[in-house]
Structures are given as C-alpha cells and as structure tokens.
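1. let me see the structure of the following:
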Amino acid sequence: MLATVQDRGRLGSQHLGIGVGGPMDAHAFAWGNRLLENCADAAQIEVCFGNFHARFAATTWIALTGADLGWRLDGKPLVPWASYRVRPGSELRAGIASTGVRGYLAVAGGWQLPKVFGSCATVMGDRLGGLRGGERVQAGDQIACDSWDNRSATFGGYQVPEKFIPEFGAAITLRVLPGNQFEQFSQQSRQQFFAQDYQLSNRCDRMGCRMDGEPMTDVPGSMVSEAVPLGAIQVPSDGLPIVLLNDRQTIGGYPKLGSVYQVDLPKLAQARPGDRVRFVEGDLEEAQRELREFKQFFAVPLV
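-> I've put the predicted structure just below:
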C-alpha cells in the first residue's frame, strides 16, 4: 500500500527548503537497528498497513519491529520485535496490520541506496532519496544489502524485551511544550485544547495529522512564515490542530500552540483514524531528558 526506504532523515538541510523525512516511528526504527547491531542511521523499509512481499537473494539477518503486520517467512509466522536469519530464495510476506499502522523491515548493515544531501530517506513530496528520485517501493524493485554468510555462524537472533514493546490502542496522550505563539491564543482556546479528546482525522499522512473535534475559538491570524520543527502543532483558521510530522514543509505561517515531545510522536505514527488523542502540557526539562536518554540508549547522535 505504501512502503518507503528511510534512514534517520536528511538532517541539517531545512534552511535550504529541503524536507527531513526519516522514520515516523523512531522507537521501532531504533530497535530494528539495535537488534541487528547496525549503526543508528542504517536504512530500513517502512511498511504502512502491510500487503508487502520480498524475496531475498543472499543470506542475511533481518529484524521486524513496529505494527504487527502478520509477517511470514517461507509460510511460517514470525513474531515482531525480533531478528531472523534469511537464506537465498527466502520469501517474506506481510498481511494487513492487526494493530498499529507502520511496520519496519531492517536488514543487517542496512539497505544500500545512494544518498542525497547525506541521506537516502524517501521524501515523496520533494522527490528526494529512496528509489527513482523519491518514489515508494514498488513491485519488481531490487534493493542491495550486504551478505552475512560469515556472521551467521556466531550471530544469533534477538528479541526486544517485553517491557520495551509498546501497545497500540485506540487512545493516546501526547505531551506538549508551549511554543512561540502560545500566549497569543486566548485562555479559553488553550483550556479548550487541553480539556477535550480529539479524534484522529482520516486526513493524515507522513506530512502531518489533522485532529477532528470542537474547533478552538479566537484563533490568532496567519503570521509571517517561520521554521517549523518536528511535532509542531499548527492551528489554521478552522480552529482544529494539525501535528506536523517527518515530511512536513520547512516553514509555515499558521500560529503554533507548541510542539509534541519527540519521544511521544511514535504513538501518533501508530494511531489510526478515529483513535482518541488528548494533549497535556509538558515540561522542557522532562522533554529534553527523555529525548537525551532515548538517544544515548540507541547510540543516536545528540545533534
């Protein structure tokens, strides 16, 4: 339905108007590389909702994380959040996600694709990275990976500890850091934003997620465009918030209430239309500490 190649993203180029891309569920992506002892930036395939099929031409190891897509290897069911050995001719198939939205297929050493501005992440809107200049993975595509015949003698399959495997449900809570325009929203609007349960709209993609609910009143008007970070909460004139995600534009002119904690965004990446979303006000020190702990655990560069 939609599969794209993603590494950590095209970092450091937003001032040129170039989008970042990268995995929507950074937590699942990070575990996929950790299971295979890859570097933190090794490219994976992000599979949205499932219906995916791959045949391997070499002996290697793979890891499956994220949504449960009903993966099968040569007809045998696989448990997600684990790594497996594959051999030449092995066939991997995914059904349709039973929980969550996005699953990740990592391979030992990472998928090998040319880099553009330091990344092979697919940003379809910018026509950058991935295959054929920003296109999705399609039937018949061939993607290179390293052969791990020698490693297989000593390397064993790993499983993510159960306490680190998230549960995907119909209700999520997202913590918010107030942004530059927070005080421009009336007290009534801010109270309304934090008091209600929104529903995730069906107008969601890798650029952002729209919320359905009671519109906020007294929304500030459009402003001079400025840079927008990952997780920024824009509020257009209709009073319904939009959380900007990996393939967002680099600047925007809608006022922003704040930004969702980066460590909370994987919850939104795995939420489905109709799921309930509640926002709560957070704390800068907490957001920085949890992001720093995440990056240190997965050996991700702090900048």
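
2. give the contact list for the spatially most central residue of the chain.
-> Centrality entry for the chain: nearest residue to the mean C-alpha point is Met24, 0.9 Å, by CA atoms, centre = their mean. Contact partners of Met24, counting by CB atoms under 8 Å, 6 or more residues apart in numbering, are 46, 102, 206, 245-246, 265-266, 269. For glycine as for every other residue, the C-beta is placed from the backbone atoms N, C-alpha and C.

3. quick one: which of the residues you listed is most hemmed in?
-> Using other CB atoms under 10 Å as the contact criterion, the top neighbour count among the contacts of Met24 goes to Glu46, which has 29 neighbours.

4. let me know the secondary structure of that one.
-> At Glu46, secondary structure determined by DSSP: H, G, I helix; E, B strand; the rest coil is strand.

5. returning to that earlier point: cross the contacts of Met24 against strands and list the overlap.
-> Judged by DSSP state E, strands contain the following of these: 46, 102.

6. for the contacts of Met24, which one is nearest Val137?
-> Glu46 (9.3 Å; CB to CB).

7. quick check: beta-bridge partners of that closest one?
-> Beta bridges link Glu46 to Thr4, Tyr104 when assigned by DSSP bridges.

8. just use 733 as the starting number from now, easier for me
-> Okay, using 733 as the starting number, the last item reads as Glu778.

9. what's the per-residue pLDDT of it here?
-> Glu778 is assigned 98 on the pLDDT scale.

10. any regions of the stretch 833-982 of the chain where pLDDT drops low?
-> Counting by pLDDT under 70, the ranges of the stretch 833-982 of the chain that qualify are 881-888.

11. ok so, going back, so which of the contacts of Met756 sit within helices?
-> 997-998, 1001 (DSSP state H).

12. got the contacts of Met756 as a markdown table, with distance to Pro809 columns?
-> Formatted as a markdown table, the contacts of Met756 follow (distance: CB to CB, whole Å):
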| residue | distance to Pro809 |
| --- | --- |
| Glu778 | 21 |
| Arg834 | 20 |
| Arg938 | 29 |
| Leu977 | 31 |
| Asn978 | 30 |
| Leu997 | 29 |
| Pro998 | 24 |
| Ala1001 | 24 |
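
13. which one of the contacts of Met756 is nearest Asp944?
-> For these, the minimum distance to Asp944 (CB to CB) is 17.1 Å, reached by Leu977.

14. quick one: residues contacting the nearest residue to the closest one once chain neighbours are set aside.
-> Spatial nearest neighbour of Leu977, chain neighbours left out: Gly940 (5.2 Å); criterion: CB to CB, 6 or more residues apart in numbering. The neighbourhood of Gly940, defined by CB under 8 Å, 6+ apart, consists of 966, 974-977, 980.
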